[in-house]
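Asker: Dropping the sequence and predicted coords here.
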Amino acid sequence: MNFDVPGPEGDWLDAPVSACANPNPAWQTSMWWYISGLFRVVAGLAPSLDSVAGRLKLTTERGWEELSPVDVAMIQIRGVHFALHRVECSPMTDTIVSVINETEDDEAAIDILLTALGVDREVLTFRGDFRRGDDEVEWLPAARPLN
């Protein structure tokens, strides 16, 4: 019996590429793609994801969103579930802070994270959820212009 799987067809692209532009029948999704719907954006941080992860001794995982790779660290601090992430191809270089949807007090959650990081609110670049069209997004002094 032969249990070998043949290699990909010559015109197939990598599976993470949109199924619309790819004759490959597989369209791979990432764990982040599945999990991200459980979280909502609450803030951005000026420090890089690498420095945040280094402070808390976190391992970042690489996944992708529809258009770009994304690095993510999922953590829990004092009962609050956070997703800290950075989309590679985004002009926004902030570390995006998301909390699980059931989080009741966003400001308290942000304070818990900042305390664990040993920084104050001056590192915040924005508050609110720009991804859901939130008109209440507050851009703060630490925000950097997008290129």
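Answerer: Received the coordinates, thanks. Numbering: from 1, shown residues only.
Asker: Going by residue numbers, what spans are strands in this protein?
Answerer: 39-45, 61-64, 69-77, 80-87, 95-100, 124-127, 138-139 (DSSP state E).
Asker: Adding mean neighbour count and mean pLDDT, write those strands out as a markdown table.
Answerer: Where C-beta positions appear, they are placed from N, C-alpha and C, glycine not excepted. Shown next, in a markdown table, are these (neighbours: other CB atoms under 10 Å; pLDDT from 0 to 100):
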| stretch | mean neighbour count | mean pLDDT |
| --- | --- | --- |
| strand 39-45 | 23 | 95 |
| strand 61-64 | 16 | 85 |
| strand 69-77 | 18 | 92 |
| strand 80-87 | 21 | 95 |
| strand 95-100 | 23 | 96 |
| strand 124-127 | 22 | 93 |
| strand 138-139 | 12 | 81 |
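Asker: Of those strands, which is nearest Trp12?
Answerer: strand 61-64 (17.5 Å; CB to CB).
Asker: State the number of residues packed around Ser48.
Answerer: Ser48: 14 surrounding residues under other CB atoms under 10 Å.
Asker: Report the beta-bridge partner residues of the residue nearest to the spatial centre of the chain.
Answerer: The chain has His85 as the residue nearest its centroid, 3.0 Å off, counting by CA atoms, centre = their mean. Applying DSSP bridges to His85 yields these beta-bridge partners: Val72, Ile96.
Asker: Pro141 versus that one, what's the distance?
Answerer: Remark: distance between His85 and Pro141 (CB to CB, to the nearest Å) = 23 Å.
Asker: go on, Ala83?
Answerer: Going from Ala83 to Pro141 by CB to CB gives 25 Å.
Asker: doesn't Val42 make contact with Asp106?
Answerer: Yes: between Asp106 and Val42 there is a contact at 4.5 Å, judged by CB atoms under 8 Å.
Asker: what's the overlap in contacts for these two?
Answerer: Common contacts of Asp106 and Val42 (CB atoms under 8 Å, 6 or more residues apart in numbering): 99, 127.
Asker: The strands of the chain: which one's closest to Trp33?
Answerer: That would be, of the strands of the chain and by CB to CB, strand 61-64, which comes in at 6.8 Å.
Asker: Alright, I will stop here.
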